[in-house]
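> task: produce atomic coordinates for the following.
(one chain, ligands or ions: 1)
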Amino acid sequence: MLTLLLTAMVPALIGMAGCDRAAAQVQANLTQRAADVGGGTASALRARIAPPHDETVAAYRQSGAVNASAHQLTDREWTLVERAIADLPPLHRDVLERRLARLSFIDAPSSAGTALTRAYDGPDGGPLFDITLRADVLDKSLSEFLTEKESMLFTDDGSGYSVRLSAGRAPALTYLLLHEATHVVDRTLGVSTDVRPFSALWVDYRDLAAPYATGPMGVTTYRRGRPIPLAESPELYKALGASPFVSLYATASAGEDLAELAAWSHLGRLHIPLTVEVRDATGRAIVTVEPLRSPAVQARFAVADAVLARAAAKPSQTP
Ligand SMILES: [Zn+2]
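Numbers count the residues shown, from 1 in each chain. Below is the predicted model:
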């Protein structure tokens, strides 16, 4: 009966609001899971798609998108979202199935943030999460999304330098859902708050270890610094290429580092490439970085995957 409700009531869920209803949905899914183990993870997660919580809409409005409002997915967009859910690794899907109250899309193109993950206490004492993504990413390629995001690190100084990130034909949504889902896995299992596996790079959750704290990677906008002139971009990406970080965004905190490692480790398994190019005024590539091919980054993928698998295997950590 509950299974039928969950799979058949998706259009009705569009009109739902309120954590209690979303939490009831999670309970219903737990019942479904017990009755039908291994069946319908994609449809279980599909059933969590609902309008964003009022607090989430307010957060987007405060970040500059004064007209932020719930986005209604078109049939084509439903297909894109289902594809991104299907691309999640088993651990992420499993934790989301148990802990994701809702996945929402919001029309807020002028917002500074692209995604917001909200956590609160569920009825069983464990955490519940709402993931809300800006709807304009549904139609973006990952290359376009990453290039736009990275451009916020720089000021145009007339030097003619440009920075481009390429991720083949991958959609931005696949990456964003993976990244945000890793935050849910991390928060549920308590991984990045224990920085010991990452202590060579992190002094604590927010503070980078030497030499990264004082180098060019330590003072970017992602590290709460000011944008730097584009003429300094070659040195910045040379530093990234020589480091074990998979992206500059990974330097924002230990939690972002883990989310970036888990996301890119899995994207690499899906054969999605990542190339960063700095070009000069003539269009010649003067710095090229391929983080997924870096042995130092690959070693950290292995550490992050092992840490997540170990945390997931602890029964007390997986309510
Ligand atoms: Zn993040």
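> where exactly do the helices run in this structure?
2-8, 10-13, 19-35, 41-46, 54-62, 75-86, 90-99, 142-151, 172-189, 233-241, 254-269, 295-313 (DSSP state H).
> with respect to the ion, which of those helices lies nearest?
Of all these, it is helix 254-269 that lies closest to the ion, at 4.6 Å by C-beta to the ion. Bear in mind the C-beta positions are built from the backbone N, C-alpha and C, glycine included.
> can you tell me how far the residue nearest to residue 128 when sequence neighbours are not counted is from residue 98?
Setting aside the residues directly before and after it, residue 128 is nearest to residue 122 in space (C-beta to C-beta, 6 or more residues apart in numbering), at 4.0 Å. As judged by C-beta to C-beta, to the nearest Å, residue 122 and residue 98 stand 9 Å apart.
> tell me the contacts of residue 232?
residue 216 (C-beta atoms under 8 Å, 6 or more residues apart in numbering).
> try residue 203
Taking C-beta under 8 Å, 6+ apart, we find residue 203 in contact with 195, 209, 213.
> now do the phi/psi pair for the second one.
Which is residue 209. Backbone geometry at residue 209, expressed as degrees, to the nearest 10, gives phi -80, psi 170.
> with the last one instead?
Main-chain dihedrals, residue 213, degrees, to the nearest 10: phi -60, psi -30.
> how close does the closest residue in space to it that isn't next to it in sequence sit to the ion?
Using C-beta to C-beta, 6+ apart and skipping residues adjacent in sequence, the residue nearest residue 213 is residue 207, 6.8 Å away. For residue 207, the distance to the ion (C-beta to the ion, to the nearest Å) stands at 17 Å.
> number of residues surrounding residue 207?
By the measure other C-beta atoms under 10 Å, the count of residues near residue 207 is 13.
> tell me the bridge partners for residue 100.
On the basis of DSSP bridges, residue 100 is bridged to residue 129.
> which ones are touching it?
When contacts are counted by C-beta under 8 Å, 6+ apart, residue 100 touches 26, 45, 48, 128, 129, 130, 131, 184.
> ok, now how distant is it from residue 183?
11 Å.
> what sits in contact with each of those two?
Joint contacts of residue 100 and residue 183 (C-beta under 8 Å, 6+ apart) do not exist.
> dump the contacts of residue 100 into TSV; add distance to the ion as well.
Supplementary listing: those in TSV, determined by distance: C-beta to the ion, whole Å:
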residue	distance to the ion
26	22
45	19
48	19
128	18
129	13
130	15
131	11
184	11
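> could you dump these into JSON lines with neighbour count added?
Formatted as JSON lines, these follow (neighbours: other C-beta atoms under 10 Å):
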{"residue": "26", "neighbour count": "23"}
{"residue": "45", "neighbour count": "23"}
{"residue": "48", "neighbour count": "24"}
{"residue": "128", "neighbour count": "22"}
{"residue": "129", "neighbour count": "25"}
{"residue": "130", "neighbour count": "23"}
{"residue": "131", "neighbour count": "25"}
{"residue": "184", "neighbour count": "23"}
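> closest one of the contacts of residue 203 to residue 93?
Among those, residue 195 lies closest to residue 93 (C-beta to C-beta), at 26.4 Å.
> now that closest one. Nearest residue, chain neighbours left out?
residue 202 (4.7 Å).
> pretty sure the one you found contacts residue 255?
No. Using C-beta atoms under 8 Å as the test, residue 202 is too far from residue 255 to be in contact (10.0 Å).
> up against the ion, what does the chain have?
256, 259 (C-beta under 5 Å from the ion).
> low-confidence ranges in the chain?
Counting by pLDDT under 70, the chain has low-confidence residues at 1-41, 315-319.
> residues contacting the residue nearest to residue 195?
Contacts of residue 202 (C-beta under 8 Å, 6+ apart): 195, 208, 209, 254, 257.
> bridged to it, which residues?
In this structure, residue 202 bridges to residue 208 when assessed by DSSP bridges.
> ok, the residue nearest to residue 251 when sequence neighbours are not counted to the ion distance?
Excluding its sequence neighbours, the residue lying closest to residue 251 (C-beta to C-beta, 6+ apart) is residue 217, at 5.3 Å. Residue 217 sits 17 Å away from the ion, going by C-beta to the ion.
> for residue 138, same thing?
For residue 138, the distance to the ion (C-beta to the ion) stands at 19 Å.
> break this structure down into its domains, please.
As assigned by automatic domain parsing, the chain contains the domains 1-139, 140-319.
> gap between the most centrally placed residue in the chain and residue 199?
By C-alpha atoms, centre = their mean, the chain has its centre lying nearest to residue 179, at 2.1 Å. For residue 179, the distance to residue 199 equals 23 Å [C-beta to C-beta].
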